[in-house]
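Asker: Fold the following and give me the result.
(one chain, ligands or ions: 3)
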Amino acid sequence: MGRENLTLLTDFYELTMMQGYYKNKTNETVVFDVFYRNNPSGSGYSICAGLEQVIDYIKNLCFMEEDISYLRSLGMFEEDFLEYLKGFHFTGDIYAVEEGTVVFPMEPLLKVIAPIMEAQLIETAILNIINHQSLIATKASRVCYAAKGEPVMEFGLRRAQGPDAGIYGARAAVIGGCVGTSNVLTAKMFDVPALGTHAHSWIMSFEDEITAFREYAQLYPQNTTLLVDTYDTLRSGMPNAIKVFSELKEAGKMPLKYGIRLDSGDLAYLSKKARKMLNEAGFPDAVIVASSDLDEYLIDSLKTQGAAINSWGVGTNLITSKDCPAFGGVYKLAAIKKGNEFIPKIKLSENQWKITNPGNKTIYRIYDKETGKIKADLISMAYEVYKEEYPLKIFDPMATWKKTYLKGGSYTLRELLVPIFAGGKCVYESPNVMDIRAYCQRELDTLWDETRRLVNPHDVYVDLSNDLYQLKHSLLDTINVAGNN
Ligand SMILES: Nc1ncnc2c1ncn2[C@@H]1O[C@H](COP(=O)(O)OP(=O)(O)OP(=O)(O)O)[C@@H](O)[C@H]1O
Ligand SMILES: O=P(O)(O)OC[C@H]1O[C@H](OP(=O)(O)OP(=O)(O)O)[C@H](O)[C@@H]1O
Ligand SMILES: O=C(O)c1cccnc1
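Answerer: Ligands and ions are numbered 1, 2, ... in the order given. Predicted structure coming up:
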């Protein structure tokens, strides 16, 4: 699905630096990594999403005549540079972790190897897209985890931070596990299920509740979900819904799918009462949908309370990732290519977590052969080769005495970064969103429950290969020595 040209969707400093590189004739090939430092919402993992939109963005990169005129009007850019921009397009390589993959802090989710002018320009849009969709996909996977396999519908468009957040947030929510969305444009654009019930206004627009229910049931016999809380859930909504279901049954017109939606009050209490009423009236297969400011914690609590809810509509807290509104992905220079060699670069910080991992790298996921669960991830130099038959020693890069020895044949390896662009040409086709969703479910199955739990999850180790560890420390030593001189 293509989009409009987003070439100017960048921070001004990318363009001023780009002009600087142009003037200095320093357009060497560099390596930039996208990675993040903390999982959102206290999660034990994240779900990577947004790659399809990154690909569209890169494919459509070009400065239109009107963009050049606008840049000229800013009075900062010289004619030779503006002339260069006229012929600009992406010529580099991109590697990325596929959408729907479970990922962990510090590992590169995407790697750009390109002339520095190109690699610099695309920083902002790549982060914008990946940060947003990974945030919402991660949140959705948590909400769906709390729902324990029961369907979760994404209902947030009206409260998303603008149309783009609604459209791409709903896409990411489906990747993370939602069964569909109320957002019709997202459903059309990405071929995902458009789902929904009806609003209180439908009930209020009729003389009485039962007429509203009858009319709705007649219009939508394939899926009749009636919102029962407009006036009085237990004394009006439920008896009226049951009356309509009974009429349909008597007429031999029972809907394929039917049920009620609760949108206020004590959802645990009301759902249990509603379940009892429906069962006693002979409708044990009626679905009870709940909505109303839900999130993963509330759904988890409702489960603990024994709520009889079996379908969930989640809006505001999901589409805005309300408890954690930003995914902190960053874009850092890791190497500069001189001839055929990558010269590693490192960014220092007082905070050891903020010291970057240098060089041209890749990630291997290590699975336990017996269980298929993730044992650890290993960030290594791109040139390193591992063989599953050989023993593997991995160690925690922050606490190097924490070592694990894996016996040859006891583990399997998967390289997570796959080629997306090669020499400016796209070499990857994005799967459709429902297939990404199915892949994401399989990915989540590779995590132990201890990592999936909502609060204080167990961390998955992301280790550095010995070569990378040694490189990092030798660079740190050189810089420290230079700093002391
Ligand atoms: N059993 C429950 N346990 C914990 N929280 C609940 C339970 N039932 C409902 N809630 C949550 O309590 C909050 C307030 O619910 P309440 O019914 O008072 O307001 P409301 O649903 O917005 O109703 P109204 O729309 O009539 O104002 C909502 O976020 C709802 O999800
Ligand atoms: O609570 P959320 O998780 O954000 O889920 C979406 C909410 O949006 C609707 O309410 P709204 O009051 O906007 O419309 P309504 O008149 O249909 O209830 C719906 O009834 C849900 O309560
Ligand atoms: O279809 C619904 O029930 C719905 C859609 C959007 C927001 N709230 C509810």
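Asker: CA only for contacts and neighbour counts going forward, please
Answerer: Fine.
Asker: excluding its backbone neighbours, what's nearest residue 324?
Answerer: Nearest non-adjacent residue to residue 324, counting by C-alpha to C-alpha, 6 or more residues apart in numbering: residue 41, 5.4 Å away.
Asker: For the one you found, the count of nearby residues, please.
Answerer: 21 (other C-alpha atoms under 10 Å).
Asker: which SS class is it?
Answerer: Following DSSP: H, G, I helix; E, B strand; the rest coil, residue 41 is assigned to helix.
Asker: gap between it and residue 278?
Answerer: Residue 41 is 37 Å from residue 278, where distance means C-alpha to C-alpha, to the nearest Å.
Asker: how much space between the residue positioned nearest the centre of the chain and residue 327?
Answerer: Compute the mean C-alpha point of the chain, and by C-alpha atoms, centre = their mean the closest residue is residue 134, 2.4 Å away. Separation of residue 134 from residue 327 (C-alpha to C-alpha): 7 Å.
Asker: joint contacts of those two?
Answerer: The overlap between the contact sets of residue 134 and residue 327 (C-alpha atoms under 8 Å, 6 or more residues apart in numbering) is empty.
Asker: For the stretch 51-200 of the chain, which residues are neighbours of ligand 3?
Answerer: Applying C-alpha under 6 Å from any ligand atom, one finds that the stretch 51-200 of the chain approaches ligand 3 through 155, 182, 196-198.
Asker: Show the end-to-end separation of stretch 261-271, please.
Answerer: Span of stretch 261-271 from end to end, C-alpha to C-alpha: 9 Å.
Asker: List of residues touching it?
Answerer: 197, 225-229, 233-234, 288-292, 302, 305-309.
Asker: hmm, 7 Å instead?
Answerer: Residues from elsewhere that reach stretch 261-271, judged by C-alpha atoms under 7 Å, 6 or more residues apart in numbering: 225-229, 288-292, 302, 305-309.
Asker: Just name the closest of the residues you listed to ligand 1, please.
Answerer: Closest approach to ligand 1 among the contacts of stretch 261-271 (C-alpha to the nearest ligand atom): residue 292, at 4.6 Å.
Asker: The residue nearest to the centre of the chain contacts residue 47, correct?
Answerer: Yes. Taking C-alpha atoms under 7 Å as the definition, residue 134 is a contact partner of residue 47 at 5.6 Å.
Asker: Of the residues of the stretch 51-200 of the chain next to ligand 3, keep whichever come out buried.
Answerer: Among those, the ones that count as buried by 16 or more other C-alpha atoms under 10 Å are 155, 182, 196-197.
Asker: and stretch 151-165 with ligand 2, contact?
Answerer: Yes. Using C-alpha under 6 Å from any ligand atom, stretch 151-165 reaches ligand 2 at 155-156.
Asker: residue of the stretch 351-485 of the chain with the smallest distance to ligand 3?
Answerer: residue 434 (20.2 Å).
Asker: and the nearest residue to that residue once chain neighbours are set aside, which of the three is it?
Answerer: Among residues not flanking residue 434 along the chain, residue 192 sits closest, at 6.5 Å (C-alpha to C-alpha, 6+ apart). Classification of residue 192 by three-state DSSP places it in coil.
Asker: What's the local residue count around residue 192?
Answerer: 22.
Asker: Also residue 237?
Answerer: Residue 237: 24 neighbours (other C-alpha under 10 Å).
Asker: Does residue 378 have any beta-bridge partners, and if so which?
Answerer: residue 364, residue 463 (DSSP bridges).
Asker: circling back: mind listing which of the contacts of stretch 261-271 are in helices?
Answerer: Judged by DSSP state H, those include residue 302 as members of helices.
Asker: overlap between the contacts of stretch 261-271 and the residues near ligand 1?
Answerer: Among these, ligand 1 is touched by 292, 302 when using C-alpha under 6 Å from any ligand atom.
Asker: Give me the buried subset of the contacts of stretch 261-271.
Answerer: 225-229, 288-292, 302, 307-309.
Asker: What strand or helix carries residue 472?
Answerer: helix 466-484 (DSSP states H and E).
Asker: List the contacts of that helix.
Answerer: Counting by C-alpha under 7 Å, 6+ apart, 357-358, 380-381 sit against helix 466-484.
Asker: Show me which residues of that helix are buried.
Answerer: Under the neighbour-count criterion of 16+ other C-alpha under 10 Å, helix 466-484 has 466, 468-469, 471-472, 475-476 buried.
Asker: do stretch 306-325 as well
Answerer: Applying 16+ other C-alpha under 10 Å to stretch 306-325 flags 307-321 as buried.
Asker: Name the residues of the stretch 201-350 of the chain found near ligand 2, please.
Answerer: Counting by C-alpha under 6 Å from any ligand atom, the stretch 201-350 of the chain sits next to ligand 2 at 263, 291-294, 314-316.
Asker: Throw those residues into JSON lines and include distance to residue 69, thanks.
Answerer: Conversion of those to JSON lines gives the following (distance: C-alpha to C-alpha, whole Å):
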{"residue": "263", "distance to residue 69": "52"}
{"residue": "291", "distance to residue 69": "49"}
{"residue": "292", "distance to residue 69": "49"}
{"residue": "293", "distance to residue 69": "47"}
{"residue": "294", "distance to residue 69": "48"}
{"residue": "314", "distance to residue 69": "45"}
{"residue": "315", "distance to residue 69": "42"}
{"residue": "316", "distance to residue 69": "40"}
